[in-house]
Structures are given as structure tokens and as C-alpha cells.
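A.B. asks: Quick one, fold the following:
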Amino acid sequence: MSGRSVSVALLMAAAGGAAWLAGAQAAQPSGEKLVQASDCSSCHAVDRDVVGPAYSSIAKRYDGQTEAIEKLAAKIREGGSGMTPHPDLTEAQRREMAAWVLAQKGSAAPDQSTAKLYSYTGKDGTAIQLDFPLFVEGDSRKVTKDVFHGYQLYNSYCYRCHGTDATGGQLGPDLRHSLAAGMKPREFLSVAMEGRKEKGMPGWAGFLSEGDVVHVYRYVKGRSLDLVPPGRPPSEQD
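C.D. replies: Residues are numbered from 1 along each chain as shown. Sure, this is the predicted structure:
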């Protein structure tokens, strides 16, 4: 093979290698996909606090700091202050995740001032307003899909400690009383996700999603107001 042929072959090989590398890099998960695939979204959202601070708040906290990506990647690796460590991720993955989080500093929280309210009447005639629907519109007997999903989750994971129909048990308190005493949705979410190790309660972060726990909260809230009946409630799926 002539020198010219060898040079052409090497150039073609190099071009092919570059194309392969570009394709491999494009196929790699982005920071956002890595975040979504991890347990991060159990405790964080982009524009609002959940159990942990919003990604936008984290980005603002690190804004202007030197080596912000390295610092946040180390936090993802080591955890702490209630945050689960992630030592099984590679350093490259943690840096991608950190870079994506740091890019969320301009994300604004949704406007809650116009949130729709749903009105119900308690058994004693008391007017009740909630910021989510308990029942299917036009049918006060059937609970929504979200509330029914909360019932299913409760009866899969919660009833052993907190009692059937959220009435309390030997191992856990009556959650109806906790909500009636003023426990807010975020506190409910925080307790469910982080757990209470000193009381033997496991944390559900990484197993149940934020949406799952919100659905459980809505079911228990309906039980605490005595609007959702005991047993399997009729639902729009029936």
C-alpha cells in the first residue's frame, strides 16, 4: 500500500472514530435524564420545595461560587443533612447532574394565587374547601383516580402500622388525627419520604414518588374529614 493510501486510510479511520465518539456522547444520558432516573425527584422539584429545596433554590445558592459543579457533585456523592448519598454514580454522572441543577436558577415557581378550590359539606353541615378534588365532578360517591390510587398505596404499604382505613394501629399513629391537628401536605410528604428512624418508620424516598405520597395524603385527608368512607371507596375507575 502506498504512503498516500495509508494516509487516506488513517484519515478515514480517524473520521470514523470521531463519528463514533460523537454518537456515543449523544447517546449518553443528559444530566436531566440522570436526575429523573435517580431518587432525586422524590425529594426535589425544579421550582418548588418538596422535602428538600427546589433545584432553582439550590442553583441560586451556588450561583457565583468557584468550582460550583465540583462542590455540588461532591454533595450528590456524599449526601448529608437528610440527603441520601449516591456513591454508586460515576463522577462524570454526578457532574452532569450537578451542571443540570445549576442551570435551573432562572426557573420560577408556578403562580398559586389562582388555584382552584373544591367545596364539600361535612356530615355535620360544616363547609369544607380543599385545593384538590376528592370526588368525580357530578358524582359525590366516586373518588377521583388520584384519591383511589392513594387508597391502594395506603393499603399496600401503610395500613400495617397506621391501621386499616387510616384509623391508627399499634405501631403507628392515627393519621386522621395528625391531619386534623394541622399537619400540612409538605410535612406529611417530608415524614413519609424521610421516615422516622427513631420510631421505626422507614423512609419511602426512592420507592414512592412525590406524586404517590401526595395521593396517599389526599386519601387520608378525605378520611380525616369523614368524607371518604371506610373500606374500598367507589371510584371513577369502577
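
A.B. asks: Could you pull out the helices in this protein for me?
C.D. replies: 3-27, 31-37, 55-62, 68-78, 91-102, 145-153, 159-162, 175-180, 185-194, 210-224 (DSSP state H).

A.B. asks: Mean pLDDT lowest where, among those helices?
C.D. replies: The weakest mean pLDDT among the helices of the chain belongs to helix 3-27, with a mean of 43.

A.B. asks: my guess is residue 224 contacts residue 180, does it?
C.D. replies: Yes: with contacts defined as C-beta atoms under 8 Å, residue 224 counts as touching residue 180 at a distance of 5.0 Å. Using the backbone N, CA and C atoms, a C-beta is placed for each residue, glycine as well.

A.B. asks: Of these two, give the one with the bigger neighbour count.
C.D. replies: residue 224 (19 against 13; other C-beta atoms under 10 Å).

A.B. asks: Report the separation between that one and residue 179.
C.D. replies: 4 Å (C-beta to C-beta, to the nearest Å).

A.B. asks: Tell me which of the helices of the chain is the most buried.
C.D. replies: Stretch with highest mean neighbour count among the helices of the chain: helix 210-224 (a mean of 23; mean count of other C-beta atoms under 10 Å).

A.B. asks: now that helix against helix 145-153, angle please.
C.D. replies: Using axes from the mean of the first three to the mean of the last three C-alpha atoms, to 10 degrees, the inter-axis angle of helix 210-224 relative to helix 145-153 is 90 degrees.
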